[in-house]
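Novice: Predicted structure and sequence below. I'll ask about it afterward.
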Amino acid sequence: MASGPGRGPGRVAHESHKGRGDGWLGWREATERALYGDPGGFYLRPEGPAGHFRTSVHASPLFAAAVARLLVETAAGLDPAAGPPAFVDLGAGRGELAGGVLAALPEDFPVRAYAVELAPRPAGLDPRIVWTATPPEGVGGLLFANEWLDNVPVDIAETDEAGVPRLVQVRADGSERLGPPVAGADAAWLARWWPPDGPGARAEIGRPRDEAWAAAVGSLRAGLAVAVDYGHLAGARPPYGTLTGFRGGREVPPVPDGTCDLTSHVALDACALPGARLTTQREALAALGVTAARPPLALASTDPGAYLRALSAAGEAGELLARGGLGDFLWLHQPVP
């Protein structure tokens, strides 16, 4: 499995475009086919995402426990007359986060849990979890999208020698060429969020991610929506884009043939709706009680078992909070009043 930045769980359905007879496609459509095409889509394979990469969910149960605490905090602000709060795991993979949250909640805490995922329901999943291909509409509670947006397919633009941003087209073997100029809503998005930076500069056109996130937030009646991903902000966009592939725990060239994950970092400031707040994972988890502080050495002599457990938890917390790793992920908090 991959360490470092980690990778995301499986995804829900997204809009795709009409194909081309000559084999050349925009990266958005090529990614859609490679990841979610049936049969053969990378995210529909039996081994699931955990067979190829490691996210915060897989790094430690401390992550799910922190999300459970966030759910409890969110539920405290909801109208109890509206029924039990919901937990919506968006892009649920094989339901690891939803199951971990349920296990970490107080026994008497009422909750309706949903795992939103295209792949079939895995065997042995907690029967309390509703498995669905689309987010439930009109629920109140916490919607949590851990490494979901990075796999929402997007087109890629590259600036030509004349300074014109053009769509990058790709074949299934990974070969590329420049296509037509970026136009319409995509051109407006680039101008606003990722302006061209000279010949050869590349950008991932994040408009579909903005729209996907707005739709996810719109499914909530009240509560909080959180998107967690590795991303970048205006003023610090990577000049040549971030598209990459992952397979078997290793970074590989991004080839849209269904054999690897295809992912790119997220312009989370573009996704943010009014009232949103952006923090690092390090800050968000610390506020939820996750600490990498080592236990007092004296505990080793009075209760060696407790000391070893606390030491292990501190190591796991350290990975979740690490600078240059998972701790640098961005959390987009979107309240829904």
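Specialist: Cool, got the structure.
Novice: Can you give me the buried ones in the strand or helix carrying A306?
Specialist: Under the criterion DSSP states H and E, the helix or strand holding A306 is helix 304-321. Residues of helix 304-321 classed as buried by neighbour count (16 or more other Cβ atoms under 10 Å): 307, 310, 313, 316-321. In short, each C-beta sits where N, CA and C put it, glycine included.
Novice: G200 against A157, yeah?
Specialist: No: taking Cβ atoms under 8 Å as the contact criterion, G200 and A157 are not neighbours in contact, 11.6 Å apart.
Novice: These two - which one has more neighbours?
Specialist: Under the criterion of other Cβ atoms under 10 Å, the comparison of G200 against A157 puts A157 first, with 28 against 11.
Novice: Show the backbone phi and psi for the more buried one.
Specialist: Backbone torsions for A157, taken as degrees, to the nearest 10, come to phi -110, psi 140.
Novice: Could you check what's spatially nearest to it, not counting adjacent residues?
Specialist: Nearest residue to A157 in three dimensions, chain neighbours excluded: P165, at 4.3 Å (Cβ to Cβ, 6 or more residues apart in numbering).
Novice: The one you found: how many residues sit nearby?
Specialist: Other residues within reach of P165, judged by other Cβ under 10 Å, total 24.
Novice: What separation is there between the nearest residue to R237 once chain neighbours are set aside and P256?
Specialist: Spatial nearest neighbour of R237, excluding adjacent residues (Cβ to Cβ, 6+ apart): W194 at 5.3 Å. Distance, W194 to P256, using Cβ to Cβ, to the nearest Å: 22 Å.
Novice: closest to A92 among the buried residues of helix 304-321?
Specialist: Using Cβ to Cβ, the shortest approach to A92 within the buried residues of helix 304-321 belongs to L320, at 19.4 Å.
Novice: what pLDDT does the closest one get?
Specialist: What the model reports as pLDDT for L320 is 96.
Novice: surely it meets L285?
Specialist: Yes: applying Cβ under 8 Å as the test, L320 and L285 come out as touching, 5.8 Å apart.
Novice: contacting residues around the helix or strand hosting L332?
Specialist: Taking DSSP H and E as the definition, one finds L332 inside strand 330-336. With contact meaning Cβ atoms under 8 Å, 6 or more residues apart in numbering, strand 330-336 is reached by 213, 217, 220-231, 266, 268, 271-273, 275-281, 283-284.
Novice: Nice, that's everything, thank you.
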